[in-house]
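Enquirer: Just to be clear, the model below is a prediction. Sequence and coordinates:
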Amino acid sequence: MVALALLSEVRLITSEPILRELHRVLTREKFAQRLASVAKSPDRFAADFASSAVIVGVPEVGRLVPWDPDDDVVLATGLAASADVIVTGDRDLLRLHPFRAIRILRAADTLAYVRAQLGGGRTA
């Protein structure tokens with residue numbers, strides 16, 4: 001997705017809370033080998049992602065995910081950005097697909113969706 005954003009094929013949207021969570025998750029041991037394979041540290045990967053994305057403010061929207069309130073910020077970011085797609089591997093968020101007019105998809109499904117939409121200026 002970052003590569004497509006750099007080519008201006010999609011617009012990546014994020015927020016400061018999501019960037020903090022991304023960095024925290026990337027420091028987990030299970031990501032060390034993946035990051036090493038692309039010669040990136042968690043700091044560098046998160047910085048590259050942030051520089052490829054539009055960072056939006058997150059409005060207070062109340063409880064959106066009753067069983068996992070930590071996911072509320074993801075949906076609030078999607079709503080603030082009027083996103084077409086939220087890309088996630090989080091099972092709790094995937095259960096909500098679709099959320100209002102926003103698709104909630106895994107990365108592979110998002111790539112297939114974007115390929116089908118190329119040229120339409122869609123947001124992912």
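Expert: Received, thanks.
Enquirer: Quick check: Pro98 vs Lys40, distance?
Expert: Between Pro98 and Lys40 the computed distance is 32 Å (Cβ to Cβ, to the nearest Å). Where you see a C-beta, it was placed from the backbone N, CA and C, and this is true even at glycine.
Enquirer: Okay, helices next: where are they in the protein?
Expert: 2-6, 16-26, 32-37, 42-52, 72-81, 91-94, 107-117 (DSSP state H).
Enquirer: so what secondary structure elements neighbour the fifth one?
Expert: Contact partners of helix 72-81 among helices and strands, from 3 or more Cβ pairs under 8 Å, 6 or more residues apart in numbering; DSSP states H and E: strand 12-14, helix 16-26, strand 85-87.
Enquirer: can you put these in a markdown table and add mean pLDDT, mean neighbour count and distance to Val74?
Expert: As requested, the helices and strands packed on helix 72-81 are exported to a markdown table (pLDDT from 0 to 100; neighbours: other Cβ atoms under 10 Å; distance: least, Cβ to Cβ, whole Å):
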| stretch | mean pLDDT | mean neighbour count | distance to Val74 |
| --- | --- | --- | --- |
| strand 12-14 | 92 | 21 | 10 |
| helix 16-26 | 93 | 15 | 7 |
| strand 85-87 | 94 | 24 | 6 |
